[in-house]
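[1] task: produce atomic coordinates for the following.
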Amino acid sequence: MNKPAAIYARVSSDRQKENHTIASQTAALVEYAQTHGFSVPPEWVFQDEGYSGAILVRPGLEALRDLAAEGQIAAALVYSPDRLSRKYAYQILLSEELSRCGVELIFLKAPAGATPEDQLLVQFQGMIAEYERAPIAERCRRGKKHMAQQGGVNVLSGAPFGYRYVRKTDTSTAYYEVVEAEAKVVRMVFEIYTQQRPSINAIARLLNERQIATRTGKGRWERSTVWGMLRNPAYRGTACYGKTEQRPRQRITRPLRQRKALPSRDVGGHERPRAEWIEIAVPALVSEEMFALAQEQLEKNKHHSPRRTMEPTLLQGILVCEQCGYGLYRTSTHTSKHKLNYYRCLGSDGYRRLNGPLCTNRPIRQDYLDQFVWNEIIRLLDDPRLIQAEIDRRREAAQKADPLRKREEELRREQARVEKSSERLVTAYQEGLLTLPQLRQRMPALQKQTQAVESELHSLKMAAVDQAKYLQLAESLAGFRCKLRV
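    A predicted model of the protein is given here:
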């Protein structure tokens, strides 16, 4: 009878995804399973495309670990140790976790034996895979930087709208070729923005109304695309390398949280200081003066844009539409007497999408909703027992999560050990196994340890008292609620 098994494959880069290297891994593992008596259903073939091996949070890997924890598989087939993880510590962690679940971890490109020598070789492969990642990344970074300083367009890989990237050949280096049809659109966008000064949204709407094709010809013009075009220095003749860098992800966006999805990488792109950009000469599509005017207008829009809310509201940036999941933004309209503000769902704006609006929810009066939510907050805070229960819960949670608590437990154990040692010495003296000089020689050291432990325990106790005082309200709950009403 074939043993149930699961297959795991991973590639980290977009280029590997395009080259179908993950398909070759899966094909080799499926062939191995068939020839070695493993049964692998199609739904147990897990793939993580575009996920870094330096992180553990990957959808396919999470599914494999869940399957192992449920006891449904007897083996996990992986192409090589570095496909499981690029960090040796993570490899050991996953290997031990699968072993505890009774799952055999099999690497196609690793020794198949179970001898200590074979296990040591697999461990060396894991350490080498972790080491490889750092020098490869550093060599690529230094090589690209040197190429950019020499004026090579190769490091830019693709080309923005208006250009075509021509790969290097044996006789010529890579370069940007102007696509005249797209270049006319770029010049038109800059001219409209600098002369008529409409909003970026109005320019995107104009391009869609004129049915001007995008680079792919499939989608529609978005505000972010036009905004990126107006900021791109390549259009004035100097494409820049090193504009952004990868840094740890600062936050998970709302759509990602709502889908309960996992980010493919724990890093994100962040803009670097302008002085660190490396300029590379390319054909210019607009003049220096026009590009400078566009940058000046973009800077003004940061301070004078109609979207800039100078009067913040209670729920702005917090509301989410239950029907479509988009956030609600604040908009306004004027009547004959006064101005009315509304919260409106982004999904209900038909002009944002080719197929019309996604949501049928109507706008909500801002003053009505703000007042309703604020009254509910006041109603909850009017119950002193509710507030006191929350304060007690947080105090208890803070005390349990206190890192000093672990130290206190260690000191208690040390104190018990020292007391037992003292008792054993006294018992040995009473039974004549130790002389009085020997007892006097050993007891002072134990007494010093006891005093040191008691002193540290006292310090921890005082710190806990200070923390409890800090968590208490500085004023009465009644006074606090009165201030909220005001």
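
[2] pull the longest strand from this protein.
    Criterion DSSP state E: the longest strand present in the chain is strand 3-11.

[3] need the contact partners of that strand.
    17, 21-22, 25-26, 29-30, 33, 37-40, 44-51, 53, 58, 60-61, 64, 67-68, 72-79, 83-84 (C-beta atoms under 8 Å, 6 or more residues apart in numbering). Backbone N, C-alpha and C define where each C-beta goes, glycine included.

[4] any low-confidence regions in the protein?
    Where the chain drops to pLDDT under 70, the residues are 1, 13-20, 110-134, 249-268, 304-310, 395, 397-406, 460, 462-481.

[5] how's it carved up into domains?
    As recorded under the TED database, the domains making up the chain are 3-147, 163-304, 328-381, 383-484.

[6] Gln316: which of these is closest?
    Closest to Gln316 of the domains of the chain, according to C-beta to C-beta: domain 328-381, at 5.5 Å.

[7] paired strands for the longest strand of the chain, with orientation please.
    strand 38-39 (parallel), strand 45-49 (parallel), strand 75-78 (parallel) (DSSP bridges).

[8] buried among the contacts of strand 3-11? Make that a PyMOL selection.
    The PyMOL selection below is limited to those of the contacts of strand 3-11 classed as buried (16 or more other C-beta atoms under 10 Å):
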select buried, resi 21+22+25+26+29+30+33+38+40+44+45+46+47+48+49+51+53+58+60+61+64+67+68+73+74+75+76+77+78+79+83+84
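
[9] show only the entries of the contacts of strand 3-11 found in helices.
    Residues of the contacts of strand 3-11 located in helices (DSSP state H): 17, 21-22, 25-26, 29-30, 33, 60-61, 64, 67-68, 83-84.

[10] taking the residues you listed together, which two end up most distant?
    Lys17 and Ala68 (25.9 Å).

[11] what kind of secondary structure is Leu314 in?
    In three-state terms, and counting by DSSP: H, G, I helix; E, B strand; the rest coil, Leu314 is coil.

[12] pretty sure it contacts Asp370?
    Yes - Leu314 lies in contact with Asp370 (C-beta atoms under 8 Å); the separation is 4.3 Å.

[13] who has more neighbours, the two?
    Using other C-beta atoms under 10 Å as the criterion, Leu314 and Asp370 rank with Asp370 on top: 17 against 13.

[14] quick one: what helix or strand has the more buried one in it?
    Using DSSP states H and E, Asp370 sits in helix 366-381.

[15] what are the buried residues along that helix?
    Quick answer for helix 366-381 (16+ other C-beta under 10 Å): Gln366, Leu369, Asp370.

[16] with respect to Val155, which of these is nearest?
    Closest to Val155, out of all of the buried residues of helix 366-381 and judged by C-beta to C-beta, is Gln366, at 48.6 Å.

[17] and the residue nearest to the closest one when sequence neighbours are not counted, which of the three is it?
    Of all residues not flanking Gln366 in the chain, Asn341 sits nearest, at 4.0 Å (C-beta to C-beta, 6 or more residues apart in numbering). Taking three-state DSSP as the rule, one finds Asn341 in the strand state.

[18] wait, isn't Asn341 in contact with Arg330?
    Yes - using C-beta under 8 Å, Asn341 is in contact with Arg330, at 6.0 Å.

[19] residues that sit against both of the two, list them.
    Thr313, Gln366.

[20] where along the stretch 351-486 of the chain do the helices fall?
    366-381, 384-400, 403-430, 436-471, 477-485 (DSSP state H, counting those that start in this stretch).

[21] got the buried residues for the second one?
    Translated: helix 384-400. Of the residues in helix 384-400, those buried (16+ other C-beta under 10 Å) are Ile387.

[22] show me what that helix is packed up against.
    Secondary structure elements in contact with helix 384-400, counted by 3 or more C-beta pairs under 8 Å, 6 or more residues apart in numbering; DSSP states H and E, are helix 436-471, helix 477-485.

[23] how much does that helix deviate in direction from helix 366-381?
    For helix 384-400 against helix 366-381, the angle by axes from the mean of the first three to the mean of the last three C-alpha atoms, to 10 degrees is 80 degrees.

[24] could you do the third one as well?
    With the same axes, to 10 degrees defining the directions, helix 403-430 sits at 20 degrees from helix 366-381.

[25] residue contacts, the residue nearest to Gln366?
    Thr313, Arg330, Thr331, Ser332, Arg365, Gln366, Asp367.

[26] again, but for Arg215
    Neighbouring residues of Arg215 by C-beta under 8 Å, 6+ apart: Phe161, Glu182.

[27] what's the answer for Glu177, then?
    Tyr163, Arg164, Tyr165, Val166.
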